[in-house]
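[1] Could you look at this predicted model? Sequence included:
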Amino acid sequence: MTVEPTRWARLEPAARDPELAPGLEARVHDPLWLLGRQWQFGEFAASDAGSAILAQVTASVAPLSKLRPGRLTPTPRIGNYSATAMPLEALVEADDIHAAPTARMRVRAGQQFERLLGARSLGTYVSGYRTAYPIATTPDPGDSPSRRFLTMVAGRAIDGEKLYRDLKTSLRATPPTLPAAPAIPAADAAAVTAAAQAWVTWMDALVFTGSGAPAAWMPDRLEYAFGTASPDGIMLEAAEYSDGRLDWHAFDATGTPAVPPVGRGTLGPVTVVPAAVTYPGMPAPRLWEFEDGRVNFGAVDAHPEDLGRLLLAGFGLIYGADWLLVPLEAAIGSVVRITRLDVRDTFGRTTTVGPTAPGGDWGMFGLSRADGPPDTALLLAPTLAASVQGRDLEDVLLLRDEAANLAWAIERITEGEDGRPADRAQAAYEAAPVDPPPATAGTLPYRLRTDPPAHWFPLLPQRLLPTDPSMSFRLGAIPRQQPAAPLRPRGRLLAPMVKDPTLRLREEEVPREGARATRAYQLARWIDGTTLLWLGRRKSVGRGEGSSGLRFDTADPPA
């Protein structure tokens, strides 16, 4: 006789009572144990203090009204600025897309003009505008897709950028006129003029653009620098803005407030209810509540000499519940200074709270100063919460080459005439010969120098001054056998160093880990619902050191 063993396929509880309330109550039948736990948590310790129930805040507010692109100079170019009209990122970063338009931009703009003419039954004049404004071809567009695109659109499209510049000039006249070519009969001149005005308005609203290269872009550092000011005499300087994330911590305060303060308004007194400050990992306020396990201050590994970690853990575990948050609504793009804070507790007493450190020894969210203690003002920067970034149209990599004892600027991607990113690294790889030419028997091939890839440009070290030990980099070029003329960068990031040979790149901008500069379109929505599109630049950490393969005086024996 065989006995089958008992097998359990599933274990699950079976409730005999339809009500689940008794099981969820978590009753404790040992009052003495519960009293002991309360004593351990300090719940029996009384103090002669009340809890804050109301707070009354009074503040002075100074709106930002001035904007200066670039570094601070003896004769700065300062313009008026409205914080509610435009975020700082768009104003500071925007490139001029009309300064170096691609063939694709020209064609698409011309096609929109053709559509507007066709919608007004003026399509007969399209061929005349194609003849008067043809797409100009460049001697060497640089990549095969661009050459094919230019061949396809030659004689078939209007150069929208050239037409845009001519119409901007002619439509300013009184009354507005059209360019001389093509000739438009008087019967249709008014209709064509209306179509041209609508098209120019469309072009102006398509992409937010600046005047030429962004005035705030510093080519010697590959980052932005600008300043903004309020009427009370405080200038806020953002000397190193490069990563697209702009907030109060990017600014330093300079200048001395005017006495009496000019342009400041009064906010309040405003009565609000303070709330407890919460953060991940803080102790739970209830006895039976489980803390969030994502942040565990108790697991901080700190040695006795790690005072910073010990202070952080002590603050988070012991004093983290002693902070209160007092909400105060203020207009965006303003500098707020708290002039008075009165707190009322549960006993009816009112306490006037002053600065935590009147001498400036400690502060939070204040603006740093190079010439003194931090400014206690709070900056509500008119910046974006987030933006959508398109694909990189240009990518320049800066790195150090210890084998060649040089630094390099590598144009990995440039914007092609067809509007797409042209991968110069891939093009250089495809153009390189697969096998070297065979050597003559009995000879040893000698090479004076090996050629680095065509998109690698040397950064030559030079001293700023003969007596100054600090170094800077000048963009150079390596003479090549084919072609005979040295190759030059094609993108706009390195263009200032090509146009101005005296321009130098700071040495600290090419660290050991390298640096990376890019250009891409940015899309965002502002507080009034306006959609903004602009072409901006970014700078980030590079990919470390590299090797160009540059060698001198080589004699490689045949394989």
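    Perfect, thanks for sending it.
[2] for residue 318, phi and psi?
    phi -110, psi -50 (degrees, to the nearest 10).
[3] who touches it in this structure?
    By Cβ atoms under 8 Å, 6 or more residues apart in numbering, residue 318 lies in contact with nothing. No exception for glycine: its C-beta is placed from N, CA and C like everyone else's.
[4] The protein: helices as residue ranges?
    21-24, 31-40, 88-93, 103-119, 126-132, 144-153, 160-170, 186-206, 307-314, 424-431, 495-499 (DSSP state H).
[5] Could you pull out the strands in the stretch 401-550 of the chain for me?
    Taking DSSP state E, counting those that start in this stretch as the test, the strands found in the stretch 401-550 of the chain are 406-415, 421-423, 446-449, 456-463, 471-475, 505-506, 515-525, 531-541.
[6] Out of the ones you listed, name the one with the poorest average pLDDT.
    The stretch with the lowest average pLDDT out of the strands of the stretch 401-550 of the chain is strand 446-449, scoring a mean of 76.
[7] which non-adjacent residue is nearest the residue nearest the centre of the chain?
    In the chain, the centroid-proximal residue (Cα atoms, centre = their mean) is residue 244; its distance is 0.8 Å. In this structure, residue 244 finds its nearest non-sequential neighbour in residue 538, 5.4 Å apart by Cβ to Cβ, 6 or more residues apart in numbering.
[8] From residue 251, how far off is the one you found?
    Noted for residue 538: a distance of 19 Å to residue 251, by Cβ to Cβ, to the nearest Å.
[9] Same question for residue 136.
    As for residue 136, its distance to residue 251 is 44 Å (criterion: Cβ to Cβ).
[10] what do you get for residue 416?
    Distance from residue 416 to residue 251, by Cβ to Cβ: 38 Å.
[11] Would you mind giving the domain segments of this structure?
    Domain segmentation of the chain under automatic domain parsing yields 103-206, 278-322, 392-435+445-520+531-554.
[12] Give the burial count for residue 522, as a bare number.
    22 (other Cβ atoms under 10 Å).
[13] Start at 493, not 1
    Shifting the count to begin at 493 puts that one at residue 1014.
[14] bridging residues for it?
    For residue 1014, the residues forming beta bridges with it (DSSP bridges) are residue 881, residue 1026.
[15] ok, residue 628 and residue 743, which is more surrounded?
    Using other Cβ under 10 Å, the more surrounded residue of residue 628 and residue 743 is residue 743, with 23 against 12.
[16] What sits closest to the more buried one if chain neighbours are left out?
    Once flanking residues are discounted, residue 743 sits nearest to residue 728: 4.2 Å by Cβ to Cβ, 6+ apart.
[17] Repeat that for residue 939.
    Going by Cβ to Cβ, 6+ apart, residue 939 has residue 1046 as its nearest residue, at 4.8 Å.
[18] Could you do residue 1034 as well?
    Sequence neighbours aside, residue 1006 is the residue nearest to residue 1034 in space, at 2.3 Å (criterion: Cβ to Cβ, 6+ apart).
[19] Residue 709 versus the residue nearest to the centre of the chain, what's the distance?
    13 Å.
[20] what does stretch 587-597 contact?
    627, 633, 638, 641-642, 645, 652-653, 656-657, 699, 701-706, 907-911, 984, 1011, 1026-1029.
[21] buried ones in it?
    Buried residues in stretch 587-597, counting neighbours by 16 or more other Cβ atoms under 10 Å, are found at 587, 588, 589, 590, 593, 594, 595, 596, 597.
[22] before we move on, back to that, out of the domains of the chain, the one nearest residue 580 is which?
    Closest of the domains of the chain to residue 580 is domain 884-927+937-1012+1023-1046, at 11.7 Å (criterion: Cβ to Cβ).
[23] burial count for the residue nearest to residue 939?
    Number of residues near residue 1046 (other Cβ under 10 Å) recorded here: 11.
[24] my guess is it meets residue 942, correct?
    Yes: between residue 1046 and residue 942 a contact is recorded at 6.7 Å, counting by Cβ atoms under 8 Å.
[25] before we move on, the earlier item: residue contacts, the residue nearest to residue 1034?
    Residue 1006 touches 889, 890, 891, 892, 1033, 1034, 1035, 1036, 1037, 1038, counting by Cβ under 8 Å, 6+ apart.
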